[in-house]
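> pasted the sequence and its predicted model underneath.
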Amino acid sequence: MATNERLPVHCAGEDWCPIQATAILLCKKWHPVILHRLMAQGGLGFNALKEEVDGISSKVLSDNLEDLAEFGLVNREVVSEKPFRVEYTLTERGRSLETIIMDMRDWGRDNLMEPAADEEPAIT
């Protein structure tokens, strides 16, 4: 999908709402986390990205990367055939979300309590 093409969206109700449409795109549990890790680390292979996204299964990561690629936010490039290696990077559209993703990070740092090392986070 070309970066200048608008993404198709589906909204509840009859009126198009850009907030709702953006939330549908970004509010899957792992989407912002994956985008943040790619912003912070640059291009990453699948296994390296899985290590960066603590708690995600390979299947869920694969499904989320497919979603993000379909939305035009992530590029998937085969960098080696033998051994087979794929690298994921942000597209220009994906990089355009940096302010939003970093604002989410900053809000969390300012407003959420970090769990103690021996306890599970309250929000799952």
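Right, received. Where do you want to start?
> which strand residues bridge residue 77?
Beta-bridge pairing for residue 77 (DSSP bridges): residue 87.
> after the helix or strand of the chain with the lowest mean pLDDT comes which helix or strand?
Here the helix or strand of the chain ranked lowest by mean pLDDT, DSSP states H and E is helix 18-26, holding a mean of 79. Going down the chain from helix 18-26, the next helix or strand is helix 31-41, by DSSP states H and E.
> quick check: buried residues in that following helix?
Under the neighbour-count criterion of 16 or more other C-beta atoms under 10 Å, helix 31-41 has 31, 32, 33, 34, 35, 36, 37, 38, 39 buried. (Each C-beta comes from the backbone N, C-alpha and C, glycine too.)
> could those be laid out in JSON lines, adding distance to residue 99 and pLDDT?
Shown next, in JSON lines, are the buried residues of helix 31-41 (distance: C-beta to C-beta, whole Å; pLDDT from 0 to 100):
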{"residue": "31", "distance to residue 99": "16", "pLDDT": "95"}
{"residue": "32", "distance to residue 99": "12", "pLDDT": "94"}
{"residue": "33", "distance to residue 99": "17", "pLDDT": "95"}
{"residue": "34", "distance to residue 99": "17", "pLDDT": "96"}
{"residue": "35", "distance to residue 99": "12", "pLDDT": "96"}
{"residue": "36", "distance to residue 99": "12", "pLDDT": "96"}
{"residue": "37", "distance to residue 99": "17", "pLDDT": "96"}
{"residue": "38", "distance to residue 99": "15", "pLDDT": "97"}
{"residue": "39", "distance to residue 99": "11", "pLDDT": "96"}
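> appreciated, that's everything.
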